[in-house]
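1. A structural model of the following input is requested.
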Amino acid sequence: MNHYPHPIIAREGWPFIAIAIVAAAVVSYFAPVLSIPLWIVVVFVLQFFRDPARVIPQDPKAVLCPADGRVVVVEKAMDPFAGREALKISVFMNVFNVHSNRSPVDGTVKKVDYFAGSFLNAALDKASVENERNAVVVETPEGVTVTFVQIAGLVARRILCYTKVGDKLTRGQRYGLIRFGSRVDVYLPLDARAKVAVGDIVSATETILAELN
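-> Below is the predicted model of the structure:
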C-alpha cells in the first residue's frame with residue numbers, strides 16, 4: 001500500500017527553496033560563475049525537503065520506523081514520558097536523510113510534551129535528555145503504549161509536530177518534521193521483539209523496528 005498524502009517536496013521546505021532559487025538566479029544574472037555555490041545550496045535544500053511515498057506494512061503487531069537514518073541505540077531504558085521501563089530504539093538522521101516523521105503504529109494520542117533544550121550531537125545518548133525534544137505518547141487499539149520522541153540535533157533548530165492529544169494516528173501517517181540533522185527515540189513495552197540492530201540503515205515506515213506481543 002502506498003501512502004502519499006503530501007507533495008514530493010515537503011511544504012515546510014517551500015520558503016527555503018524559493019529563497020535559495022531567487023538568490024541563485026539573481027547572482028547568476030550578474031555573475032554566473034559566482035552563482036555555482038548557490039545552485040549547489042539549492043540542490044541541497046531540495047534533497048533535504050524531499051518527501052517520497054512509502055509502502056506501509058500492514059501487520060498490526062509491527063512497529064514501523066518513524067524516520068529514515070541509522071539505528072544508534074537498542075537497549076532497555078526508562079521511558080520518562082510514560083513512566084515505565086521500556087525497550088528503546090533510536091534512529092539518527094543525518095542531513096542527507098528524509099526528515100519527515102511518521103507514526104510507527106495505529107493509535108490514539110494520549111500525551112504530547114515539548115521540551116526546550118540544547119543542540120548536542122543527536123547521535124549521543126545524552127541528547128535524549130538534554131536536547132530540544134517533543135514526545136508523543138500513543139495507545140494502540142490493543143491498549144499498548146508506544147512513545148516516540150523527536151530530538152533536535154547539532155544543526156536542527158526547530159521541531160515541527162502536527163498531532164495533539166485525542167488525535168487518531170494511523171501507521172505511516174506523517175505527523176511532523178525536524179529541520180536538519182536529528183534523531184527519533186521509540187519506547188516500546190519490554191516484551192516487544194526488536195527487529196533491528198545498532199548500525200542498521202532504516203527507512204521511515206518501510207522498515208519494521210520491532211514486533212509487539
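
2. From Ala24, how far off is Trp39?
-> 5 Å (CB to CB, to the nearest Å). (C-beta placed from N, C-alpha, C; glycine too.)

3. swap that for Thr205, please
-> 33 Å.

4. Same question for Arg179.
-> From Arg179 to Ala24 the distance is 20 Å (CB to CB).

5. go on, Gly69?
-> 29 Å.

6. out of those two, which sits in the busier spot?
-> Gly69 (28 against 19; other CB atoms under 10 Å).

7. my read: that one touches Ser90, true?
-> No. The pair Gly69 / Ser90 is not scored as a contact, 9.2 Å apart, by CB atoms under 8 Å.

8. Give me the common contacts of the two.
-> 183-184 (CB atoms under 8 Å, 6 or more residues apart in numbering).

9. Can you tell me what sits against the longest helix along the chain?
-> When the chain is parsed with DSSP state H, its longest helix is helix 14-30. Applying CB under 8 Å, 6+ apart, the external contacts of helix 14-30 come out as 9, 34-35, 38-39, 41-42, 45-46, 49.

10. Just put those residues in TSV and tack on pLDDT and neighbour count.
-> Formatted as TSV, those follow (pLDDT from 0 to 100; neighbours: other CB atoms under 10 Å):
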residue	pLDDT	neighbour count
Ile9	84	17
Leu34	92	10
Ser35	94	18
Leu38	96	17
Trp39	96	17
Val41	93	16
Val42	94	19
Val45	89	17
Leu46	89	15
Phe49	87	22
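
11. so of the residues you listed, which ones are in helices?
-> Using DSSP H, the contacts of helix 14-30 in helices are 38-39, 41-42, 45-46.
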